[in-house]
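Asker: Sequence and predicted structure below; questions after.
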Amino acid sequence: MLSLPSLLSERIQAIAGIDPELRPATRPQFGHYQTNVALRLANAEGRPPREVAARLVEQIDLADLCEPLEIAGPGFINLRIHTEVLGRVATQVLTEPKSGIGTVEHPRTVVIDYSSPNVAKQMHVGHLRSTIIGDCFTRVLRAQGHTVIPQNHIGDWGRQFGMLVEQILEEGIDLRALDLAGAEALYQRANAHLQSSTAFADRARERVVLLQGGDAETRQLWQQLIEVSKAGFNDTYRRMNVVLTDADLAGESIYNDDLAVVAADLEDRGVAVVDDGALVVFVDGFNAPAIIRNAAGGFGYTCTDLAAIRHRVGTLRADRLIYVVGAPQTYHFEQVFAVARLAGYLPETVTAQHVGFGQVLGADGKKFSTREGTAVTLNSLLDAAEREAAPAIALAAIKYADLSSGLQKDYTFDAQRMVATTGDTGPYLQYAHARVNQILRKAEAEGFDGDAVTVLAEPAEQQVALLLSRFGEVVAAVGETLQPHRLCGYLYELAGALSSFYEQCPVLKSGGDVRASRLALCAATRKVLATGLDLLGIEAPERM
RNA sequence: GCGCCUGUGGCUCAACGGAUAGAGCAUCUGACUACGGAUCAGAAGGUUGAGGGUUCGAAUCCCCCCAGGCGCGCCA
């Protein structure tokens, strides 16, 4: 079914010939929607905007959906939806399984690269955002009918394993008794050892060769480190209530055998050239070449990312790639994408997007770190929020704080502000849901009788219905623009409209058709709040 | 040196080239024998970092500055 806003747009476009860029009205007196289509056409036609608007209003056929169109200001056309139509749409939101979220016409196969912690290190602040944002994308795109393949690109390969394995052997550690925090402590000891002893550094280097060569003992210890780390990651994922599973693990190591293949392929086809002993690709617009293989013969993360693209497009059949990785990596991904295009690993039909996000800052507005100067662990952030509120609320608070402002910006982790139940916060939305749920619970106890929104006499009722009709559009916009804060803003507006509504309009105490209609409106709102919060990865409690 | 991001009321953030720049927090006024006041209604608070330009129209686009952050060949 075509959503109400798209239906209106289509009708206007049929006459105007261009996308009307329909927008919610900026003020109540301007109705429900406005379009500036006449203003834009006036330029091309060389006629006064209001004259153009008058012609359009005469020809556009919207009598079944709207009150008579109005021309206002410099030439805006304002639309006011019939209340019967609003009621019908609100009822559909209640009736339809997907609450107005449209299934996309052309489903895509989307690979989303997110979370990506490193083996033998606890998850830190940086992983918080990637995990929350990626989880939201997975939920939204799946709801739209896309096939989503999350890829948790964990750091399970590289030189650090040389020193880790050597340290394990030297200390005689039994890895089965180790947890992730213990593994991280081991990492730090190994690193210090590496700095202080050239003999150890030499052994670590040799151990890397053994690991790459498939030496059994080395591989076994490496594998055990991964198991220990996975257990730790999964504890955190469970705590965060995200959809990632072991099936989504696709660590760097799985591309190990492809690295030399990619390098040879690029070199053979002349995409890459040897320069200063390294195999590199020069790309226009980049002031440094992409290094595929360093002069020592090693492969860096550029090569790994290229191999991953090849795999994701060639084997997983993805036609959209999304990387949820911090903003500092923007340059890297632009370059990797450019190289992949040159090499043909990324055909024109496949889109690739890096969703860079800003840093999480401490309460002092500076880079988040412990007193010792090390990065703050993700679990300690969850702990901090849980000191302010119950776990389900604390988690909602963190996720909402993370998703509700633009992703590019840094944001300050302020536990007290996040868990506030007033204002634009996760807990406020949860509260709105819990409260409307209480009304419905009582109604259900005495025989729920609202299944259609039929009466919308009050402005507060109309406002709720109007917002409900926009849900599908908002979700579609998030799927397209990858901006979760739009959904947050929408849900906050809906929760506010709901609060105003039940302040002004008694539900249980009203009677007859009005009561039934208001109950249906409540039910539709509860459904959209719960569905919307779920898309953000936030639980909608029945009571608080 | 080059490049990217950010700059909006005291604070935290919206605004997809459009009407009088919107919210929340904090502050001040109101509304409770309540469908849970964890709420609602209202007030006050802005030359959108500065200056030019494009446009019928600029927080938004272009140019030049200023401030802060982050990147830019052999780590990932």
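Answerer: Good, I have the coordinates. Numbering: from 1, shown residues only, chains lettered A, B, ... in the order given.
Asker: rest of the way, CA atoms for contacts and neighbours
Answerer: Will do.
Asker: Pull up the gap between the residue of chain A most remote from its centre and RNA strand B, please.
Answerer: Here chain A reaches farthest from its C-alpha mean at A:Ala199, the gap being 46.1 Å by Cα atoms, centre = their mean. Distance of A:Ala199 to RNA strand B, given as Cα to the nearest atom of the strand, to the nearest Å: 19 Å.
Asker: per-residue confidence for that residue?
Answerer: With respect to pLDDT, A:Ala199 scores 95.
Asker: Equivalent analysis for A:Glu45, please.
Answerer: On the pLDDT scale, A:Glu45 gets 86.
Asker: What is the burial count for it?
Answerer: Burial of A:Glu45, expressed as a neighbour count using other Cα atoms under 10 Å, amounts to 11.
Asker: residues touching it, list them.
Answerer: Going by Cα atoms under 8 Å, 6 or more residues apart in numbering, A:Glu45 touches no other residue.
Asker: and it, backbone torsions?
Answerer: Backbone torsions of A:Glu45, given as degrees, to the nearest 10, read phi -90, psi -10.
Asker: re earlier: measure the residue farthest from the centre of chain A to A:Glu166 for me?
Answerer: When distances are taken as Cα to Cα, to the nearest Å, A:Ala199 and A:Glu166 turn out to be 11 Å apart.
Asker: about what we covered before: helix or strand: which one has the residue farthest from the centre of chain A?
Answerer: Assessed by DSSP states H and E, A:Ala199 sits inside helix A:198-213.
Asker: other SSEs contacting that helix?
Answerer: Packing partners of helix A:198-213 (3 or more Cα pairs under 8 Å, 6 or more residues apart in numbering; DSSP states H and E): helix A:160-171, helix A:180-196, helix A:216-240.
Asker: any idea of the angle the shortest one forms with helix A:180-196?
Answerer: The one in question is helix A:160-171. Per axes from the mean of the first three to the mean of the last three Cα atoms, to 10 degrees, the angle that helix A:160-171 makes with helix A:180-196 is 100 degrees.
Asker: Mind listing residues that contact helix A:160-171?
Answerer: Outside helix A:160-171, the residues that touch it by Cα under 8 Å, 6+ apart are A:186-187, A:189-191, A:194, A:200-201, A:203-208, A:211, A:218, A:221-222.
Asker: now swap in the second one and tell me
Answerer: Among residues not part of helix A:180-196, those counted as contacts by Cα under 8 Å, 6+ apart are A:120-122, A:163-164, A:167-168, A:200-201, A:204, A:225, A:228-229, A:231-232.
Asker: And the buried ones among these, selectable in ChimeraX?
Answerer: For selection in ChimeraX, the members of those meeting the burial criterion (16 or more other Cα atoms under 10 Å) are listed in this command:
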select /A:120,121,122,163,164,167,168,200,201,204,225,228,229,232
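Asker: circling back to that earlier point, I'd like to know which of the contacts of helix A:160-171 are buried.
Answerer: Looking at these with 16+ other Cα under 10 Å, the buried ones turn out to be A:186-187, A:190-191, A:194, A:200-201, A:203-205, A:207-208, A:211, A:218, A:221-222.
Asker: From those residues, pick the one nearest A:Gly126.
Answerer: Closest to A:Gly126 out of these is A:Tyr187 (18.6 Å), distances taken as Cα to Cα.
Asker: Can you get me a residue count around the residue of the stretch 101-250 of chain A found nearest RNA strand B?
Answerer: When you check the stretch 101-250 of chain A against RNA strand B by Cα to the nearest atom of the strand, the closest residue turns out to be A:Gly158, at 5.5 Å. Applying other Cα under 10 Å, we find 17 residues neighbouring A:Gly158.
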